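Chemist: Could you look at this predicted model? Sequence included:
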Amino acid sequence: MDTHQLRKQLKRARWGAAIGFAVFLAGVLPGAAFAGSPGSVHLADADAPGMNLTPAQQQKLAALESASRAQSHDLFTQLQQIRGKLSDLYRKYDLDVAAATRLNQDLNRVQGQLLDQRLSDQQQLRRILTPDQFAQLQSSILRRPHPGEGHEGHDHRDQGWNSQ
């Protein structure tokens, strides 16, 4: 392999790691699965006054949260393991490009599974809540402080938190 080909492969591998890291920093963190990552289910807000959840809805939401947290934890563990292996490869001068490529593919696959889970969670949430309850939940989320904010009741609509 000539120097030009090696540089191209290294550039691709670095971009894959950078994209993975950006997604990681964008809110797909363990423990944040229900507190701010795109598409995450904010079940803590479902207890807001006026939601008027039935016992059946409360039970379904608790089951959704439990299942989603367990699945998220497993996926985050996989991401962490893959990133560790990729990091180990990148610390070596003699880069195993084939192994790095496989790990990048594994990383993309697991991140895709996480995004698919978020979509499924959102679909299930809409099956559990009425349109009015869902709107109330969204309103509660918009007023809730996000990580790094020290004040209550801030409305995020002006900062792109609400895509409506």
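Modeler: Yes, it's here.
Chemist: how many neighbours does residue 135 have?
Modeler: By the measure other CB atoms under 10 Å, the count of residues near residue 135 is 12. Just so you know, the C-beta spots here come from the backbone N, C-alpha and C atoms, and that holds for glycine as well.
Chemist: pLDDT on stretch 115-129, on average?
Modeler: In this model, stretch 115-129 carries a mean pLDDT of 95.
Chemist: Kindly apply the preceding question to stretch 61-75 instead.
Modeler: The average pLDDT within stretch 61-75 is 93.
Chemist: next structured bit after the helix or strand in which residue 85 is found?
Modeler: Assigned by DSSP states H and E, residue 85 belongs to helix 55-90. Remark: after helix 55-90, the chain's next helix or strand is helix 97-128, criterion DSSP H and E.
Chemist: What residues sit buried inside the helix or strand just after that following helix?
Modeler: Next in sequence after helix 97-128, counting helices and strands by DSSP H and E, comes helix 131-143. For helix 131-143, burial by neighbour count (16 or more other CB atoms under 10 Å) applies to 133, 136-137, 139-142.
Chemist: which of these lies closest to residue 78?
Modeler: Residue 78 lies nearest to residue 141 out of those, by CB to CB, at 27.7 Å.
Chemist: quick one: low-confidence parts of the chain?
Modeler: Across the chain, the ranges flagged by pLDDT under 70 are 1-49, 144-164.
Chemist: Quick check: residue 82 vs residue 99, distance?
Modeler: According to CB to CB, to the nearest Å, residue 82 stands 11 Å off from residue 99.
Chemist: JSON lines please, covering the buried residues of helix 131-143 and showing distance to residue 76.
Modeler: Below are these laid out as JSON lines (distance: CB to CB, whole Å):
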{"residue": "133", "distance to residue 76": "29"}
{"residue": "136", "distance to residue 76": "29"}
{"residue": "137", "distance to residue 76": "24"}
{"residue": "139", "distance to residue 76": "29"}
{"residue": "140", "distance to residue 76": "25"}
{"residue": "141", "distance to residue 76": "22"}
{"residue": "142", "distance to residue 76": "26"}
